[in-house]
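*Asks:* Below are the sequence and a predicted model for it; my questions follow.
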Number of protein chains: 2
Amino acid sequence: METPGLPDILIERARAGSRRAAARLITLAENDPAQRLEIARMIYPHTGGAYVIGITGPPGSGKSTLTDKLAKLLRKRNKTVGIVAVDPSSPFSGGAILGDRIRMNDLALDKGVYIRSMGTRGHLGGLSVSVGIAAKIFDACGCGVILVETAGVGQSEVEIAGTADTTVVVTVPGLGDDIQMIKAGILEIGDILVVNKADRPGARQTASTLLAMRQLGEPPDREWIPPVLLTSADKDEGVDKLLDCIGAHRVLRQISRSQRNERTDRLREEVLALLKEKIADRVLERHGLPGELELVLGDMYDRRINPYEWVAQKAASCTR
Amino acid sequence: METPGLPDILIERARAGSRRAAARLITLAENDPAQRLEIARMIYPHTGGAYVIGITGPPGSGKSTLTDKLAKLLRKRNKTVGIVAVDPSSPFSGGAILGDRIRMNDLALDKGVYIRSMGTRGHLGGLSVSVGIAAKIFDACGCGVILVETAGVGQSEVEIAGTADTTVVVTVPGLGDDIQMIKAGILEIGDILVVNKADRPGARQTASTLLAMRQLGEPPDREWIPPVLLTSADKDEGVDKLLDCIGAHRVLRQISRSQRNERTDRLREEVLALLKEKIADRVLERHGLPGELELVLGDMYDRRINPYEWVAQKAASCTR
């Protein structure tokens, strides 16, 4: 009989309720692509139960507070909740800015809440891959809902949103940040648009502007027109309505053919990317190509070897 | 004798001075990874002459104006100049916002200037790959200096900066945007920090703050301490000093061992990524795996097949 490996043991413990084991499992999967595939393979039978909600918006929009309030509301409804919070890296320390998360202490004490913070750098295979595996592990631990919170505005947010079932884009009164969001393509990824801090002046104005901008590009036959909601997360106002709205979007997703197509496309992409990575790694290792590259790297640097010629030759010879 | 293919013809024309041929070559390389490697391989002997300057910063910092002024100054010094401008995608049109570039009309009329605008989405292999190939093609066309301008703040900017020899980070008086830049890790990628619009109130204050922040994480033995410069690009003030400063950084790079190591690391990464892509594509095609995946995708979607199990099995069987 085979001795169970570290992933097996961690999976068993995590599924028995150990949040520490879940955390170690995520770290293992983040740092080693081979382990990642193996862990994904092993937990797969235990996954598929979680609904993933993406929450994104510019810094200062209060999306962390909104995430916390949504988590608390879900806890009241007896859901086990996972939170994956993508914090921007500090340029100097290299670590995640965890200030926002200190507020989450009361959530962290709740055994029905799994929290993972991650910085935006140094993710083997990309940030959205790390977010995806953390969500899968929380899913396997029994989280019925997973909240993926991303700070900042940029390409990574758009990619991460691709892994969410429902994406909430959070903004605040005043249009400065919104224009950045438009430029970064953040607005169009929102299934639900939220104007948070709605007690501030200009909230309705911002909501109208969002409605107008949204309509600009709206194809008339769309199944779901992203609603614009007003919330004041710090005062607990509008959060229940937001959750109801997410619920409505969830129901639509289940019956929608276009959503099925979209998710099939995403699955195809993920499987092909994994397959390519796995195949390439195996072939590279078998043929000792990383070592061979080391020997010629100096010559490439000094332009005595054409690196693209080398790639074409090696790719041809080891897949003959 | 083999008939020359489209890339051969375009390369010949582009190198003879046809900016249109250069543009078509970039499009060809952007849209087809196989062509991209082939084009990179063919133009390689003609490259290596260009110095790549990255210019990045938040929207409204005036970096487009700064880029234009640098280009004009370089033209006065008889350099052929390439400009790769990464414009954020409009969420609704899907195209690049070209407003800023209209200003460039006088540059566009100059045959010694090659300009390429690209949106932030839909790049096969990633935006930094598209930027890299455009820069290589401009290099092969004889551009001595290539300016890569990226708008927005985010992960893509950090990746693109990795392809530049010298990175200039542009900011403006007032600290709102700076804090976003710190959060996104933009500040630490700057070899030179610029406070543009320096005629505005608070410019010196912003410069001092940047100096202070920079020193926070400074290892004492660093070879190059990023200087903070004041410019007013629209008034042509400080641009020549900036160019001199870039020149100084360039000299340092040429003699620096740590810079050589850094560039070797980057070369290794690029070659390995290309090799993996090429190998994976060849194996996938040979074994008809995309077609096979199509047949089981429905079952995967309905969770009757474990996709990770499938990946592990296929990867093993086709690399046996």
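*Replies:* Now that the structure is in, tell me what you want to look at. Predicted model, so just to flag it, every value in this text is computed and none were measured. Numbering: from 1, shown residues only, chains lettered A, B, ... in the order given.
*Asks:* can we go C-alpha only for contacts and neighbour counts from here?
*Replies:* Will do.
*Asks:* tally of neighbours for residue A:8?
*Replies:* Counted by other Cα atoms under 10 Å in any protein chain shown, the residues lying close to residue A:8 total 16.
*Asks:* confidence score at it?
*Replies:* The per-residue pLDDT reported for residue A:8 equals 94.
*Asks:* quick one: contacts for it?
*Replies:* Contact analysis of residue A:8 by Cα atoms under 8 Å, 6 or more residues apart in numbering or on different chains lists residue A:42.
*Asks:* gap between the strand or helix carrying it and the chain center?
*Replies:* Assigned by DSSP states H and E, residue A:8 falls within helix A:6-15. Here helix A:6-15 is found 23 Å from its chain centre; the criterion is Cα atoms, centre = their mean, to the nearest Å.
*Asks:* how about it: buried residues?
*Replies:* Neighbour-count burial for helix A:6-15, with 16 or more other Cα atoms under 10 Å in any protein chain shown as criterion, is recorded at A:7, A:8, A:10, A:11, A:12, A:13, A:14, A:15.
*Asks:* got the contact list for the first one?
*Replies:* Right, residue A:7. Residues near residue A:7 by Cα under 8 Å, 6+ apart: A:25, A:39.
*Asks:* Report the separation between it and residue B:68.
*Replies:* With distances taken as Cα to Cα, to the nearest Å, residue A:7 is found 54 Å from residue B:68.
*Asks:* Going along the chain, name the strands of the stretch 101-250 of chain A.
*Replies:* Along the stretch 101-250 of chain A, counting by DSSP state E, counting those that start in this stretch, strands occupy A:113-118, A:145-150, A:166-171, A:192-195, A:228-230.
*Asks:* What's the local residue count around residue A:304?
*Replies:* Neighbours around residue A:304, by other Cα under 10 Å: 12.
*Asks:* mind checking pLDDT for residue A:256?
*Replies:* 85.
*Asks:* Number of residues surrounding it?
*Replies:* By other Cα under 10 Å, the burial measure for residue A:256, its neighbour count, is 13.
*Asks:* OK, contacts around it?
*Replies:* Neighbours of residue A:256 in contact, by Cα under 8 Å, 6+ apart: none.
*Asks:* wait, which of the strands of the stretch 101-250 of chain A is closest to chain B?
*Replies:* strand A:145-150 (12.0 Å; Cα to the nearest Cα).
*Asks:* Using PDB, write out every CA atom in the closest one.
*Replies:* Only the C-alpha atoms of strand A:145-150 are listed here, as PDB (Å, rounded to 0.1, in the frame of the first residue of the first chain):
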ATOM      1  CA  VAL A 145     -19.800  30.800  -1.400                       C
ATOM      2  CA  ILE A 146     -16.300  32.100  -2.200                       C
ATOM      3  CA  LEU A 147     -15.700  35.900  -2.300                       C
ATOM      4  CA  VAL A 148     -12.800  36.900  -4.500                       C
ATOM      5  CA  GLU A 149     -11.800  40.500  -3.700                       C
ATOM      6  CA  THR A 150      -9.300  42.200  -6.000                       C
END
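*Asks:* Mind listing the strands it pairs with, and their directions?
*Replies:* Here strand A:145-150 has these sheet partners by DSSP bridges: strand A:51-56 (parallel), strand A:81-86 (parallel).
*Asks:* For residue A:17, give me its contacts.
*Replies:* By Cα under 8 Å, 6+ apart, the neighbours of residue A:17 are residue A:141.
*Asks:* Could you rerun that using 10 Å?
*Replies:* A:11, A:111, A:112, A:114, A:141, A:142 (Cα atoms under 10 Å, 6 or more residues apart in numbering or on different chains).
*Asks:* Run a quick neighbour tally on residue A:194.
*Replies:* 28.
*Asks:* partners of it in the sheet?
*Replies:* residue A:170, residue A:229.
*Asks:* Surely it and residue A:208 touch.
*Replies:* No. Residue A:194 lies out of contact with residue A:208 (Cα atoms under 10 Å); the separation is 11.7 Å.
*Asks:* Find the residues that touch each one of the two.
*Replies:* residue A:228.
*Asks:* pLDDT below threshold where in the stretch 1-150 of chain A?
*Replies:* A:1-3, A:88-105, A:120-125 (pLDDT under 70).
*Asks:* could you show me where the helices are in it, in order?
*Replies:* Ranges of helices within the stretch 1-150 of chain A are A:6-15, A:19-31, A:33-43, A:63-76, A:99-102, A:105-108, A:127-140, based on DSSP state H, counting those that start in this stretch.
*Asks:* For the second one, which helices and strands make contact with it?
*Replies:* Helices and strands touching helix A:19-31, as assessed by 3 or more Cα pairs under 10 Å, 6 or more residues apart in numbering or on different chains; DSSP states H and E, comprise helix A:6-15, helix A:33-43, strand A:113-118, helix A:127-140.
*Asks:* From chain B, how far off is the closest residue to residue A:70 other than its chain neighbours?
*Replies:* Distance criterion Cα to Cα, 6 or more residues apart in numbering or on different chains; nearest residue to residue A:70, sequence neighbours excluded, is residue A:239 at 6.5 Å. For residue A:239, the distance to chain B (Cα to the nearest Cα, to the nearest Å) stands at 27 Å.
*Asks:* ditto for residue A:44
*Replies:* 7 Å.
*Asks:* Could you count how many residues lie near that residue?
*Replies:* Neighbours around residue A:44, by other Cα under 10 Å: 20.
*Asks:* what's the spacing between it and residue A:15?
*Replies:* Using Cα to Cα, residue A:44 is found at 12 Å from residue A:15.
*Asks:* cool, and residue A:249?
*Replies:* From residue A:249 to residue A:15 the distance is 29 Å (Cα to Cα).
*Asks:* residues contacting residue A:43?
*Replies:* Residue A:43 touches A:7, A:8, A:11, A:12, A:15, A:136, A:137, A:139, A:140, A:141, B:306, B:308, counting by Cα under 10 Å, 6+ apart.
*Asks:* Do I have it right that residue A:136 meets residue A:37?
*Replies:* No. In this structure, residue A:136 is not within contact of residue A:37 by Cα under 10 Å, at 11.6 Å.
*Asks:* any idea of the mean pLDDT for stretch A:306-316?
*Replies:* In the prediction, stretch A:306-316 has an average pLDDT of 95.
*Asks:* Show me what that stretch is in contact with.
*Replies:* In contact with stretch A:306-316 (Cα under 10 Å, 6+ apart) are residues A:280, A:283-284, A:287, A:289, A:293, A:296-297, A:299-301, A:317, A:320, B:34, B:36-45, B:267-268, B:270-283.
*Asks:* Distance from the chain centre to it, please.
*Replies:* On Cα atoms, centre = their mean, the centre of stretch A:306-316 falls 35 Å from that of its chain.
*Asks:* Name the residues of that stretch that are buried.
*Replies:* Neighbour counts using 16+ other Cα under 10 Å place A:306, A:307, A:308, A:309, A:310, A:311, A:312, A:314, A:315 of stretch A:306-316 among the buried residues.
*Asks:* So which of those residues belong to strands?
*Replies:* Assigned to strands by DSSP state E, none of those qualify.
*Asks:* Out of these, flag the one nearest to residue B:21.
*Replies:* residue A:308 (21.5 Å; Cα to Cα).
*Asks:* Roughly how far does that closest one sit from residue B:44?
*Replies:* From residue A:308 to residue B:44 the distance is 8 Å (Cα to Cα).
*Asks:* okay, and the common contacts of the two?
*Replies:* Common neighbours of residue A:308 and residue B:44 (Cα under 10 Å, 6+ apart) are residue B:38.
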